[in-house]
Every structure is written in structure tokens, then in C-alpha cells.
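sequence below, structure please.
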Amino acid sequence: MKSQKNSTPIYWSLLNFKDWNLYIAATEKGLCYVGSQNKPFEEFSIWAKKRFPGSPLVEDREKLNPYAAELIEYFNGKRKSFTILFDYHGTEFQLAVWNALCEIPFGETKSYSDIANFINKPAAVRAVGAAIGANPVLISVPCHRVVGKNGSLTGYRGGLEMKTQLLDLERKV
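Numbers count the residues shown, from 1 in each chain. Predicted coordinates for the structure are as follows:
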């Protein structure tokens, strides 16, 4: 199978705000990536090569300002949902899961089986977990709000420390 060469530029920037340091990226269509807390540029560049093969990576803080602004408002406890456009690509199943995550209210959590039931695939709990793990847009697509059935913190692409910080931030607001 031939890999398709992509010429869509991926604009990126490092968001530094208080204790938060994470890479964010967008295409002309919307936010396509929010990285893990304090991870190196390589986490983003490896993801971009897989998802947008051949796309040039262009550092452009100004283009990322609208996305950074909403994330900063969230970190400040002043934003509970996001109005920015997204440009995420996945299977039909992944998109259903990611859209379901956006329905979880700020400050609340759901279990993996809650999400599976929400998308009418009650037997697909493990697949839901895999789709959540593939979420490219951390925070704004709130996969940190998904916990184990017993309320325990389970895996998170950004690490459990980041998940805990996000849940604590939402509890304080």
C-alpha cells in the first residue's frame, strides 16, 4: 500500500502557562493535537508523521493563539467547554467515542462502560479504552474524565499525574 504524501501544513506551538508545558497543533481546519504535560517535541513529531505523513511542521504561535487562549481559560478555571474547531481523524468507532467524551460534563467522570453504553456498543469496553487512548486532542476532548468502574484512575496518554491534575483542577472550580 502506497502512503499518500500530504502537503497540509501542521502548525504547532509550545503552550507554556503556569505549570503547564505542552505542544499543541492545528491544521487550517482546526485543532488536531494536544500533547502530554512536559513531554518533548518528539512526542508530537512522531504522532504527526504517523497521522499526517509528509505534512510540513510549521512553528506558528500566532496561528495557535485561538486554541491556546481557550486552553489557558480552562487552566484558569474560566472555561468549562471548548468552542474551537477540531480536525481529528480516526475510524468511525473512534470518532463516536471522542464525540461521546465531549458530552461528559465539566467536573464529572464516566466509566469506560458508560461510554460503551452511550455509543450503543455495550460489549466494546476494551475497544472504547483503545479509542480513548488514541485521542489526539487531550484536555479539549476530555478523556481525562473517564475512570475505572470503581472510580479508580486508569491509563491516560498524558500520564496519571496529568490526569490527576486535570481532575483536581475541575473539582476546584
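
who does the lengthiest helix in the chain touch, helix- and strand-wise?
Identified as the longest helix of the chain according to DSSP state H is helix 61-75. If you count contacts as 3 or more Cβ pairs under 8 Å, 6 or more residues apart in numbering; DSSP states H and E, helix 61-75 packs onto strand 10-17, strand 20-27. Using the backbone N, CA and C atoms, a C-beta is placed for each residue, glycine as well.

adding mean pLDDT and mean neighbour count, write these out as CSV.
As requested, the helices and strands packed on helix 61-75 are exported to CSV (pLDDT from 0 to 100; neighbours: other Cβ atoms under 10 Å):
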stretch, mean pLDDT, mean neighbour count
strand 10-17, 97, 18
strand 20-27, 96, 22
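
can you put those in JSON lines and add distance to residue 167?
Shown next, in JSON lines, are the helices and strands packed on helix 61-75 (distance: least, Cβ to Cβ, whole Å):
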{"stretch": "strand 10-17", "distance to residue 167": "18"}
{"stretch": "strand 20-27", "distance to residue 167": "15"}
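
out of the ones you listed, which is closest to residue 165?
The closest of these to residue 165 is strand 20-27. By Cβ to Cβ, the value is 8.6 Å.

restricting to C-alpha, output the next helix or strand after that closest one in PDB.
Next helix or strand after strand 20-27 toward the C-terminus (DSSP states H and E): strand 30-34. Coordinates of the C-alpha atoms in strand 30-34 are reproduced here as PDB (Å, rounded to 0.1, in the frame of the first residue of the first chain):
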ATOM      1  CA  GLY A  30      -8.900  23.100  13.500                       C
ATOM      2  CA  LEU A  31      -7.000  21.800  16.500                       C
ATOM      3  CA  CYS A  32      -5.600  18.400  15.700                       C
ATOM      4  CA  TYR A  33      -3.200  17.700  18.600                       C
ATOM      5  CA  VAL A  34      -2.700  18.500  22.300                       C
END
